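Participant: model this:
(chains A and B)
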Protein chains: 2
Amino acid sequence: MSHVLALSGGVGGAKLAAGLAAVVPPEDLTIAVNTGDDFEHLGLTICPDLDSVTYALAGLNDTERGWGVRDESWQAMAMLRELDAPSWFNLGDRDLGLHLARSWRLRGGETLSQATAALTGALGLAARIVPMSDDPVRTQVETDAGWLDFQTYFVAEQCRPPVRAIRFAGAEMARPSPMLSTALSRPDLAAIILCPSNPWLSVDPFLAMPELRAALEDRPVPLVAVSPLVGGAALKGPLAKLMAELGIPVTNFSIAEHYNGLLDHIVIDQTDADDAEGLRAAGLCVTVAGTVMRDAEDRERLARVALSAARIETG
Amino acid sequence: MSHVLALSGGVGGAKLAAGLAAVVPPEDLTIAVNTGDDFEHLGLTICPDLDSVTYALAGLNDTERGWGVRDESWQAMAMLRELDAPSWFNLGDRDLGLHLARSWRLRGGETLSQATAALTGALGLAARIVPMSDDPVRTQVETDAGWLDFQTYFVAEQCRPPVRAIRFAGAEMARPSPMLSTALSRPDLAAIILCPSNPWLSVDPFLAMPELRAALEDRPVPLVAVSPLVGGAALKGPLAKLMAELGIPVTNFSIAEHYNGLLDHIVIDQTDADDAEGLRAAGLCVTVAGTVMRDAEDRERLARVALSAARIETG
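Facilitator: Residues are numbered from 1 along each chain as shown, chains lettered A, B, ... in the order given. Okay, the predicted model is just below:
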């Protein structure tokens, strides 16, 4: 089989990443993950999107809560709260074990790529999960209160402050991680898939790296995006609210326009089938499918749809 | 009432410290705690003796297991193990919350004294629990494998390697913590009590600080030691094994000789009553009492015995 490169953010993207991992042999798949949400907290380096993808692929994700680890407990958190330490970011006990292990590796001199490979390997994951970059890129949003670090906006402020602008500190100087660069330059690369993640918050950090943006613009293979919108709304997270605040209509046309020049094919949800004609008129290939992923079957089905949109046969 | 200064190590000392805290008004008691066992692990600053004393006074200690926090869980630890991260030092989830909170304060620029005051205050402890020093002192033991950090010897090696020598790295340059110095120079200081901790491992780190040793030698008040030996053996920990390895007879005479010049009064266990005569002949005051502390009543009783040995009246 030929090689597939997926670019993913957190929870929503992680679902499709898990679907791809279920239908593509591990040696034929590279999943590059947004690191713009990463941050330092209580001495730990926390990489929420890498964790979401890792947990989803390891079957460790809590599907009920929608984030974090299943069978989680919150004893350390309760103690932190009792001790008046910062408790705005929820750290489950099992999750904390992962943050401690990663931070220990990073302090020991490993790159984030190396640490991620070690952690996912220890969890028995054959799939290649790689950070988008080993250089620090930090997503920040401008609000009435000034520029906020992403997790302050996303978790502490629960996305309440209206967003005026978004920036990715460090991205200009950041280089794609070695495994992402390798995937992009493989002669057998057959498709690049943008998972249904927030284009402005989870995919733009990738595109803000000049070398990656140039590579995607020069791509020799189809680039397929799975739209994160369903019925003109976002399933989860601040996407629709954010688009509105940025003055952008919450439609698939806005998604397509945002990826202008990068996109060959867009997969849209069946409830938005009416958008297909307009999108095709704008020069895109369009696949209409069920994009809501409730279970493993949904995830694999959508993965096959995305691969098929890129003209890749799956067994 | 007049002021009492207690010097304590970990578990055994913490029991008497808790007894003292139960019978002495908080404003009249300073509990200074050994920091020679402190170490850095997984990015956390861990202070086992401060933690033992804190947990004992807060009633959070696990009396069954004999160390750590009650109602503890081990989920972070299980994840660390699964991820091939260092797991030789057991970190309970609640305990981890405390280490994270302290490390956060230290990274923020607080001294260990300030961090300890904040943490014990948040737990509602009125007693003054202070580190022996805000400067790093690190206990190390010499074995056939060379010099080992204390926790490597104590936890990773479970005290198996015979000890040839002990040193306290940093102690020569370390100064007593501000609150310990304050307690020592209080005009109303009435007694100094050495809790039943390991003299070589838990009390010597104090004595290795030149300024503290000098202050104890010049003390204007009685210094009372509660012997950690019961029936010519140690209740817990490596004390008896260590004494044997250092060529020291496991008796109260060795304890008294070790504290030579510092001690006015020694409290020994009733099973060692025969030692009293010899100790008195050596010029010490001796109290024979039950020194095994199984419950709060035992702890308070022994606290009263020690205070009475220092001629302090308790209600």
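Participant: Does A:Glu300 touch A:Gly19 like I think?
Facilitator: Yes - A:Glu300 is in contact with A:Gly19 according to C-beta atoms under 8 Å; the separation is 4.9 Å. From N, CA and C alone the C-beta is placed, and that goes for glycine too.
Participant: out of those two, which sits in the more crowded spot?
Facilitator: Set A:Glu300 next to A:Gly19 and count neighbours by other C-beta atoms under 10 Å in any protein chain shown: A:Gly19 wins out with 27 against 19.
Participant: Could I get the CA-only coordinates of stretch A:23-37 as CSV?
Facilitator: C-alpha atoms of stretch A:23-37 as CSV (Å, rounded to 0.1, in the frame of the first residue of the first chain):
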residue,chain,number,x,y,z
VAL,A,23,-7.8,0.4,8.3
VAL,A,24,-4.2,1.4,7.2
PRO,A,25,-1.3,-0.8,8.1
PRO,A,26,0.9,1.0,10.6
GLU,A,27,3.9,1.2,8.3
ASP,A,28,1.8,3.0,5.8
LEU,A,29,0.4,5.7,8.1
THR,A,30,1.9,8.8,9.7
ILE,A,31,-0.3,10.8,12.0
ALA,A,32,1.1,14.3,12.6
VAL,A,33,-0.5,16.1,15.6
ASN,A,34,-0.9,19.7,16.4
THR,A,35,1.4,20.9,19.2
GLY,A,36,0.1,24.5,19.3
ASP,A,37,-2.0,23.6,22.3
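Participant: residues in contact with the closest residue to A:Pro238 other than its chain neighbours?
Facilitator: Spatial nearest neighbour of A:Pro238, chain neighbours left out: A:Cys159 (4.0 Å); criterion: C-beta to C-beta, 6 or more residues apart in numbering or on different chains. Shown in contact with A:Cys159 (C-beta atoms under 8 Å, 6 or more residues apart in numbering or on different chains): A:153, A:237-238, A:241-242.
Participant: looking at chain A, which helix or strand does the model trust least?
Facilitator: Lowest on mean pLDDT, DSSP states H and E among the helices and strands of chain A sits strand A:233-234, with a mean of 84.
Participant: Check the contacts of A:Cys159 for burial and list the buried ones.
Facilitator: A:153, A:237-238, A:242 (16 or more other C-beta atoms under 10 Å in any protein chain shown).
Participant: Is A:Gly261 in a helix, a strand, or coil?
Facilitator: State at A:Gly261, reduced to three classes by DSSP: H, G, I helix; E, B strand; the rest coil: coil.
Participant: That one - how many residues pack around it?
Facilitator: Using other C-beta under 10 Å, A:Gly261 has 7 neighbouring residues.
Participant: next one: A:Arg160
Facilitator: Neighbour tally, A:Arg160, other C-beta under 10 Å: 10.
Participant: Could you pull up the residues touching it?
Facilitator: Counted by C-beta under 8 Å, 6+ apart, A:Arg160 has zero contacts.
Participant: how near is it to A:Glu245?
Facilitator: Taking C-beta to C-beta, to the nearest Å as the measure, A:Arg160 falls 11 Å from A:Glu245.
Participant: One more: A:Asp71?
Facilitator: From A:Asp71 to A:Glu245 the distance is 37 Å (C-beta to C-beta).
Participant: How about A:Leu284?
Facilitator: For A:Leu284, the distance to A:Glu245 - C-beta to C-beta - is 26 Å.
Participant: Also A:Ser2?
Facilitator: From A:Ser2 to A:Glu245 the distance is 40 Å (C-beta to C-beta).
Participant: hmm, who's touching the least confident helix or strand of chain A?
Facilitator: Contacts of strand A:233-234 (C-beta under 8 Å, 6+ apart): A:198, A:228, A:240, A:250.
Participant: Strands of the stretch 51-200 of chain A, start to end?
Facilitator: Ranges of strands in the stretch 51-200 of chain A, per DSSP state E, counting those that start in this stretch, are A:128-131, A:138-143, A:146-149, A:165-169, A:189-194.
Participant: winner for burial among the ones you listed?
Facilitator: strand A:128-131 (a mean of 26; mean count of other C-beta atoms under 10 Å in any protein chain shown).
Participant: what's it packed up against?
Facilitator: Other elements packing on strand A:128-131 under the criterion 3 or more C-beta pairs under 8 Å, 6 or more residues apart in numbering or on different chains; DSSP states H and E are strand A:29-33, helix A:48-58, helix A:112-122, helix A:178-185.
Participant: let's go with 10 Å and repeat that
Facilitator: The contact analysis (3 or more C-beta pairs under 10 Å, 6 or more residues apart in numbering or on different chains; DSSP states H and E) places strand A:128-131 against strand A:3-8, helix A:11-23, strand A:29-33, helix A:48-58, helix A:112-122, helix A:178-185.
Participant: still on that earlier bit, and the strands of the stretch 51-200 of chain A: which comes nearest B:Leu180?
Facilitator: strand A:146-149 (39.6 Å; C-beta to C-beta).
Participant: Report the mean per-residue pLDDT for the closest one.
Facilitator: For strand A:146-149, mean pLDDT is 97.
Participant: do that strand and chain B meet at all?
Facilitator: No - Strand A:146-149 lies apart from chain B when judged by C-beta under 10 Å from any C-beta of the partner chain; the minimum separation is 16.8 Å.
Participant: A:Leu96 contacts A:Asp51, doesn't it?
Facilitator: No - judged on C-beta atoms under 10 Å, A:Leu96 makes no contact with A:Asp51 at a distance of 11.2 Å.
Participant: so A:Gly19 makes contact with A:Val305?
Facilitator: Yes - if you go by C-beta under 10 Å, A:Gly19 and A:Val305 touch, sitting 9.4 Å apart.
Participant: what sits in contact with each of those two?
Facilitator: A:Val226 (C-beta atoms under 10 Å, 6 or more residues apart in numbering or on different chains).
Participant: circling back to that earlier point, turn the contacts of A:Cys159 into TSV, columns for pLDDT and secondary structure.
Facilitator: TSV is the format used below for the contacts of A:Cys159 (pLDDT from 0 to 100; DSSP: H, G, I helix; E, B strand; the rest coil):
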residue	pLDDT	secondary structure
A:Tyr153	95	helix
A:Gly237	80	coil
A:Pro238	87	coil
A:Lys241	93	helix
A:Leu242	95	helix
